Each structure stands twice: as C-alpha cells, then as structure tokens.
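*Asks:* Have a look at this prediction, sequence included:
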Amino acid sequence: MDTASGDSGEDGIMTAFPRLVIAGTESGCGKTSVASGLMAAFRERGLTVQPFKTGPDFIDPTHHTRICGRTSRNLDPFMMGEEGVQKTYVTASAGADIAVIEGAMGLFDGIDGSDFSSTAHVARLLTAPVVLVVSAAASARSVHAVVRGFRDFDPRVRIAGVIFNRLATTKHRAMIAAEEFVPPLGYIPLQQGPGVQSRHLGLVMAHESDGMQSYGQVVRESCDLDAILAVARGAPPLSAPGCAMAKKTGNRAVIGVARDNAFCFYYQDNLDRLARAGAELRFFSPMDDHLPDMDALYLGGGYPELYAGEFEASPCRHVIRDLAEHGMPIYGECGGLMYLGRAIRTDREYQMAGILPACTEMTSRIQALGYVKGTFSGPAGFWAGGSRVLGHEFHFSRTVCDPDARFALRLGQGTGILDGNDGLIEQNTIGTYTHAYFSDSFCEQFVAAAEAFRGIR
C-alpha cells in the first residue's frame with residue numbers, strides 16, 4: 001500500500017499529501033460518476049481514500065462514503081470560511097493515502113456569478129491539481145476549444161489533465177485524441193443501462209443504489225490510473241492553519257439524532273462539533289425505533305414525505321410531542337421542520353408530531369434553492385439572539401403557518417418559511433428550512449440547553 005506523508009508540524013505545514021479535484025465543465029457532465037469510479041478504483045488498489053464534495057450537497061457524499069468507507073466531507077467557503085475549508089480538509093485527511101475532491105456545477109461557477117465558493121476557489125485554497133471531466137457526447141474536435149478555454153481562464157487553477165466522457169465509438173475517440181491541449185487521462189465510452197436514478201432533490205441516496213460503485217470498473221478500464229495518481233502525488237506541500245480541536249471532558253448531555261432513510265441530510269462537521277461541545281449522540285429512527293433516553297433532539301433533512309405513512313403510524317411522534325411540551329430542546333431543519341409540524345400533505349394528509357403550528361404541503365416546483373445568511377432573534381431559547389447563521393436551502397415543499405406563528409431567524413439572504421422569516425418556534429423547539437453549518441457557539445448553546453433540561457426532568 002502506498003502511504004502519503006500527511007504529517008504536519010505546529011506551523012500546520014503538510015510535508016506532502018496526494019490530492020486532486022475532479023471538476024466538470026458543467027452540471028451533468030458526469031463528474032460524480034467519474035469521481036466515484038476513481039474512488040472505487042483506488043480502493044481496489046488498496047489505497048485509503050478520503051472523499052470530499054465541494055458545496056453544500058448532501059447526496060453525493062453518501063455515495064462517496066459507501067465506496068470509501070470513510071465519511072465524505074463538504075468543503076464550502078461560504079458556509080465554512082476559507083480557513084474552515086482548510087481545517088476540515090487537513091483533519092479529515094489524516095491517515096488517508098489520497099484525497100479525491102468532487103466539484104460542483106462547472107469548475108468556475110460560484111455564488112451569484114462570481115468565483116466565490118466555486119470548485120476553482122476550493123482548488124486554490126488547497127493548491128490541488130484539477131482533473132477536468134468533459135462530456136464529448138455531442139462533439140468531437142470542438143471539445144479542445146472547451147478544454148483550452150478552461151485551461152487558460154484562470155491561471156491560478158492548474159488543470160493537470162482531462163477525462164473525456166460519453167464517447168460513442170472508437171472512431172469518436174480517435175478524432176478527439178488527434179489533438180491535445182491538456183494531457184488526456186481517460187476516454188470513457190457512453191454507458192448503457194439505467195445508472196443511478198434521480199428524484200426531486202437529486203440522485204437517489206447511496207442506501208438505495210450501488211450504481212456508483214460499479215463505475216470503478218468503468219474507470220479502471222477507461223482511464224490511466226497511474227497517470228492520475230501521479231497528478232495527485234504532484235500536489236505541492238499544503239500550508240494550512242493549526243487544526244487542534246479539543247473535545248470537552250466527559251459527556252454533558254445526550255442528544256438524540258434522527259438518522260434513517262428519511263432523515264439522512266447531515267453535515268458531518270455539525271455532528272462532530274456537537275460531540276466536541278460535550279454531547280453524546282444517539283442515533284435512532286423515528287419510524288422504527290423506540291425513542292432513546294435523551295436530553296435534546298436533532299432532526300436533520302431528507303425525505304419525510306416518502307415515509308409519511310410510517311411516521312404517522314409510529315408512536316414516536318406522540319412521545320416527542322410530550323417531551324417538547326415539557327421544554328426539551330428540539331432542533332429540526334427542512335425535513336425535520338416538516339416532521340415537527342402538524343401534518344404533511346402529499347397524496348393525502350398525514351399527521352406528524354404536532355409541535356409547531358404549521359402544516360407542510362409538497363409542491364411540483366422548487367420553492368427555494370441557494371445559500372442562506374441570517375441572524376437569530378426573537379424569544380430566548382437555546383439559540384442566541386444576534387448570532388449569525390450560514391447555510392443552504394433546497395426544497396419542493398411549502399410550510400403554511402398559523403397567523404400568530406413566531407419566528408426566531410431573520411434572513412438577509414434566502415427565502416425561509418415566510419417572507420424571509422425562518423426558524424418557526426414553539427416552546428423550546430425550532431424548525432427551519434435552512435440547512436445550517438453549525439458554529440461552535442451554537443453547538444455550545446444547544447448542548448448547554450440539553451444539559452439544563454437533563455437537570456430538571
């Protein structure tokens with residue numbers, strides 16, 4: 001097994017660490033399949049692969065995690081800050097032989113038409129070489145104009161190689177291979193068959209399909225793995241800030257975390273920060289399990305609408321409502337917001353926990369997509385008034401609130417639940433459409449509230 005020298009001194013300088021970014025010319029060019037295939041192919045060679053995904057995506061990382069056996073992390077400068085991207089990268093990569101970072105959208109697509117938080121931005125922060133995935137499905141020689149444009153667009157980004165995807169025939173390949181502007185690292189033929197299916201929020205989750213795993217064979221047969229490894233190993237030493245993150249001594253409280261096929265959208269950094277703040281995390285399914293002994297509850301996003309019947313039939317929703325009425329801290333985001341309301345309307349109306357004064361109805365069109373920036377306010381709870389929230393929203397539902405509904409989060413950027421208001425509250429429960437990237441201070445407040453509830457119940 002090849003072993004990377006990933007040691008760093010007190011100054012945070014990485015002596016060496018193989019890494020590469022798999023970027024695309026656009027969304028839909030096949031970079032998720034290529035990135036996943038490379039991860040699988042490297043694993044087959046006996047390498048320990050640390051996966052990453054740029055941007056706020058929850059779904060692609062589940063496929064990475066299943067392939068690599070290591071939790072895929074998001075790298076997002078908007079939510080994490082530039083230093084946060086570097087810290088997460090360095091910390092998560094410890095013990096790995098190579099890091100594979102899948103990009104989002106097109107290489108240079110950032111926020112509001114800018115470069116900020118683009119895949120290129122992340123590549124620069126990590127001084128990582130880029131392998132560009134180009135779909136050649138509807139062109140031949142013209143792809144070189146695209147490659148040359150990407151190569152020259154930003155000289156701060158090093159495009160070290162290109163993988164041509166969706167080639168129709170061997171003649172098609174020969175036509176493209178006749179010229180070269182960036183070293184070709186692979187020629188992948190058009191794949192037949194269903195592949196990995198999609199739904200309204202993107203690809204299906206990893207627990208629903210093994211399709212991405214199969215791309216390991218495709219990449220192994222169609223790409224020059226030795227050349228790609230050489231690109232990764234040619235990445236320069238990485239200068240990164242110190243990354244010591246101490247955990248508080250002992251567990252101060254237990255936070256139940258709903259995690260199953262419905263509640264499956266979580267940033268691993270959020271869970272890690274809660275644990276470092278002193279929380280013992282107990283994972284369970286509100287569909288199938290008895291509620292664990294806990295002092296607070298965290299309900300992430302996902303697909304509660306697909307399992308609304310199971311949630312309605314489960315006794316968990318009644319127990320959770322009773323705990324909420326006694327003041328237990330509860331935080332729900334997107335799917336969690338939907339579950340904490342009175343009902344979800346899909347083919348019919350399904351009864352939910354009934355804690356928040358609202359009902360959610362599924363819609364055929366997207367209701368919100370993009371980054372969120374807001375500030376906590378409103379009545380005091382485990383959220384501190386005036387503290388900043390950064391995150392993302394993406395949903396095909398509408399939450400209709402009672403006229404006297406109260407909100408604890410005012411958005412300066414984003415849609416939220418109603419007119420820029422998010423964070424619907426009742427008792428010590430809050431539900432948001434925002435998928436927030438937790439700050440250390442928020443985690444401290446949430447754990448402290450759980451600890452206080454533990455002392456009075």
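*Replies:* Good, I have the coordinates. Residues are numbered from 1 along each chain as shown.
*Asks:* Just the terminal-to-terminal distance for stretch 386-400.
*Replies:* End-to-end distance of stretch 386-400 (CA to CA, to the nearest Å): 26 Å.
*Asks:* buried sites along stretch 122-138?
*Replies:* Neighbour-count burial for stretch 122-138, counted by 16 or more other CB atoms under 10 Å, picks out 122-136. The way it works is simple: take the backbone N, C-alpha and C, and place the C-beta from them, glycine included.
*Asks:* and L38, that one's in a strand?
*Replies:* No. When DSSP: H, G, I helix; E, B strand; the rest coil is applied, L38 is found to be helix, with no strand at that position.
*Asks:* correct me, but it touches C223?
*Replies:* Yes. If you go by CB atoms under 8 Å, L38 and C223 touch, sitting 7.4 Å apart.
*Asks:* more crowded one of these two?
*Replies:* L38 (31 against 22; other CB atoms under 10 Å).
*Asks:* who are the neighbours in contact with that one?
*Replies:* By CB atoms under 8 Å, 6 or more residues apart in numbering, the contact list for L38 reads 22, 100, 219, 223, 225, 228.
*Asks:* and the least confident of these?
*Replies:* The lowest pLDDT within those belongs to V219, with 93.
*Asks:* Among the contacts of L38, which one has the most neighbours?
*Replies:* Ranked by neighbour count (other CB under 10 Å), these have V100 at the top, with 29 neighbours.
*Asks:* Just the CA trace of the helix or strand containing it, in CSV.
*Replies:* Assigned by DSSP states H and E, V100 falls within strand 98-102. The C-alpha trace of strand 98-102 is given here as CSV (Å, rounded to 0.1, in the frame of the first residue of the first chain):
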residue,chain,number,x,y,z
ILE,A,98,-5.1,10.1,-1.3
ALA,A,99,-7.9,12.7,-1.2
VAL,A,100,-10.4,12.9,-4.0
ILE,A,101,-12.5,16.1,-4.1
GLU,A,102,-15.6,16.1,-6.3
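*Asks:* partners of it in the sheet?
*Replies:* strand 19-24 (parallel), strand 49-54 (parallel) (DSSP bridges).
*Asks:* Just checking the distance from the first one to the centre of its chain.
*Replies:* Which is strand 19-24. How far strand 19-24 lies from its chain's middle: 16 Å, per CA atoms, centre = their mean, to the nearest Å.
*Asks:* again, but for stretch 365-379
*Replies:* 17 Å.
*Asks:* List the buried residues for it?
*Replies:* Here stretch 365-379 shows 368, 371-372, 374, 376-378 as buried, counting by 16+ other CB under 10 Å.
*Asks:* Where is pLDDT lowest across these?
*Replies:* Checked by pLDDT, the buried residues of stretch 365-379 have G378 as the lowest-scoring entry (67).
*Asks:* what are the bridge partners for the closest residue to C359 other than its chain neighbours, then?
*Replies:* Distances taken as CB to CB, 6 or more residues apart in numbering put A343 closest to C359, at 4.5 Å, once the chain neighbours are dropped. For A343, the beta-bridge partners under DSSP bridges are Q351, C359.
*Asks:* Could you measure from A343 over to G374?
*Replies:* When distance is defined by CB to CB, to the nearest Å, A343 is 26 Å away from G374.
*Asks:* Repeat that for H144.
*Replies:* In terms of CB to CB, H144 sits 45 Å off from G374.
*Asks:* Could you do A92 as well?
*Replies:* To G374, A92 is 27 Å away according to CB to CB.
*Asks:* what's the burial count for R410?
*Replies:* R410 has 17 nearby residues by other CB under 10 Å.
*Asks:* That one: what's it in contact with?
*Replies:* Applying CB under 8 Å, 6+ apart, the residues near R410 are 374-375, 377, 420-422.
*Asks:* Now do the same for V131: helix, strand or coil?
*Replies:* Secondary structure, three-state DSSP: V131 is strand.
*Asks:* If we ignore the residues flanking it in sequence, what's nearest I430?
*Replies:* Counting by CB to CB, 6+ apart, G423 is the residue found nearest to I430 once chain neighbours are left out, at 5.2 Å.
*Asks:* Contacts only, for that neighbour.
*Replies:* G423 sits next to 374, 376, 378, 383, 407-409, 416-417, 430-432, 434 when contact means CB under 8 Å, 6+ apart.
*Asks:* at 10 Å what do you get?
*Replies:* By CB atoms under 10 Å, 6 or more residues apart in numbering, the contact list for G423 reads 331, 333, 337, 374, 376-378, 381, 383, 389, 406-411, 416-417, 430-434, 436.
*Asks:* Kindly indicate whether it is helix, strand or coil.
*Replies:* strand.
*Asks:* sorry, back to before: just the strands paired with strand 98-102: most buried one?
*Replies:* strand 19-24 (a mean of 28; mean count of other CB atoms under 10 Å).
*Asks:* C-alpha coordinates for that one, PDB please?
*Replies:* The C-alpha coordinates for strand 19-24 follow below in PDB (Å, rounded to 0.1, in the frame of the first residue of the first chain):
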ATOM      1  CA  ARG A  19      -4.900  15.100  -3.600                       C
ATOM      2  CA  LEU A  20      -6.900  16.100  -6.700                       C
ATOM      3  CA  VAL A  21     -10.100  17.800  -7.600                       C
ATOM      4  CA  ILE A  22     -12.500  16.100 -10.100                       C
ATOM      5  CA  ALA A  23     -14.200  19.100 -11.800                       C
ATOM      6  CA  GLY A  24     -16.600  19.400 -14.600                       C
END
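*Asks:* before we move on, back to that, which among the contacts of G423 end up buried?
*Replies:* Using 16+ other CB under 10 Å, the buried ones in the contacts of G423 are 331, 333, 337, 374, 376-378, 381, 383, 389, 407-411, 416-417, 430-434, 436.
*Asks:* The helix or strand encompassing V85 to strand 19-24, inter-axis angle?
*Replies:* Of the helices and strands defined by DSSP H and E, V85 is found in helix 82-93. Interaxial angle of helix 82-93 relative to strand 19-24 (axes from the mean of the first three to the mean of the last three CA atoms, to 10 degrees): 110 degrees.
*Asks:* Could I get the full set of strands for the stretch 201-350 of the chain?
*Replies:* Under the criterion DSSP state E, counting those that start in this stretch, the stretch 201-350 of the chain carries strands at the ranges 202-203, 238-239, 253-258, 263-265, 279-284, 296-299, 301-302, 330-333, 343-345, 349-351.
*Asks:* Would you mind listing the buried residues in the third one?
*Replies:* It stands for strand 253-258. For strand 253-258, burial by neighbour count (16+ other CB under 10 Å) applies to 253-258.
*Asks:* Alpha carbons of it, in PDB - could you do that?
*Replies:* The C-alpha coordinates for strand 253-258 follow below in PDB (Å, rounded to 0.1, in the frame of the first residue of the first chain):
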ATOM      1  CA  ALA A 253     -25.800  15.600  27.800                       C
ATOM      2  CA  VAL A 254     -27.300  13.200  25.300                       C
ATOM      3  CA  ILE A 255     -28.700  14.500  22.000                       C
ATOM      4  CA  GLY A 256     -30.800  12.100  20.000                       C
ATOM      5  CA  VAL A 257     -30.200  12.300  16.300                       C
ATOM      6  CA  ALA A 258     -32.900  11.000  13.900                       C
END
